[in-house]
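A.B. asks: Let's see this in three dimensions:
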Amino acid sequence: MAGRSPARLLAPLALVAFALALFIVVSNTTKDDPGTTAKDAGQPAQTTATPTGQKKQRKQPRSYTVKAGDTPSGIAEKVNVPLETILELNPDLDPQTLTPGTKIKLR
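C.D. replies: Take a look at the predicted model:
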């Protein structure tokens with residue numbers, strides 16, 4: 001017994017300590033979740049459904065101030081307005097002469 005390595009005793013203790021730590025972490029994460037209780041831990045959480053067919057409408061800005069490096073197509077992507085609409089509302093808009101600070105109509 002004098003020739004045995006201490007690692008033979010420490011390895012099983014480390015395994016038990018790891019299993020205990022894992023159990024504590026997992027049990028605390030399910031308790032912290034307000035939507036989960038011990039009764040329904042195995043069941044999927046219920047979600048509040050919105051009425052079908054209704055989408056939240058975001059207000060679109062009326063104008064956009066050009067920043068350095070902006071292009072008409074880049075502006076259209078940023079503000080979620082079709083490029084054709086921007087070009088129709090701003091007939092004098094020239095992509096080559098866009099200067100920072102210029103206001104563009106969006107709707």
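
A.B. asks: can we go C-alpha only for contacts and neighbour counts from here?
C.D. replies: Fine.

A.B. asks: quick one: Tyr64 is in a strand?
C.D. replies: Yes: with DSSP: H, G, I helix; E, B strand; the rest coil as the criterion, Tyr64 is part of a strand.

A.B. asks: just so I have it, where are all the helices in this structure?
C.D. replies: 7-32, 72-79, 83-89 (DSSP state H).

A.B. asks: and the second one, what does it pack onto?
C.D. replies: Read it as helix 72-79. Judged by 3 or more C-alpha pairs under 8 Å, 6 or more residues apart in numbering; DSSP states H and E, the packing partners of helix 72-79 are helix 83-89.

A.B. asks: Any buried residues in the helix it packs on, and which?
C.D. replies: Ile86, Leu87 (16 or more other C-alpha atoms under 10 Å).

A.B. asks: and what of stretch 67-80?
C.D. replies: For stretch 67-80, using 16+ other C-alpha under 10 Å, the buried residues are Thr71, Pro72, Ile75, Ala76.

A.B. asks: Could you report the separation of the first one from Leu15?
C.D. replies: I take that to be Thr71. Look at Thr71 and Leu15: by C-alpha to C-alpha, to the nearest Å, they are 60 Å apart.
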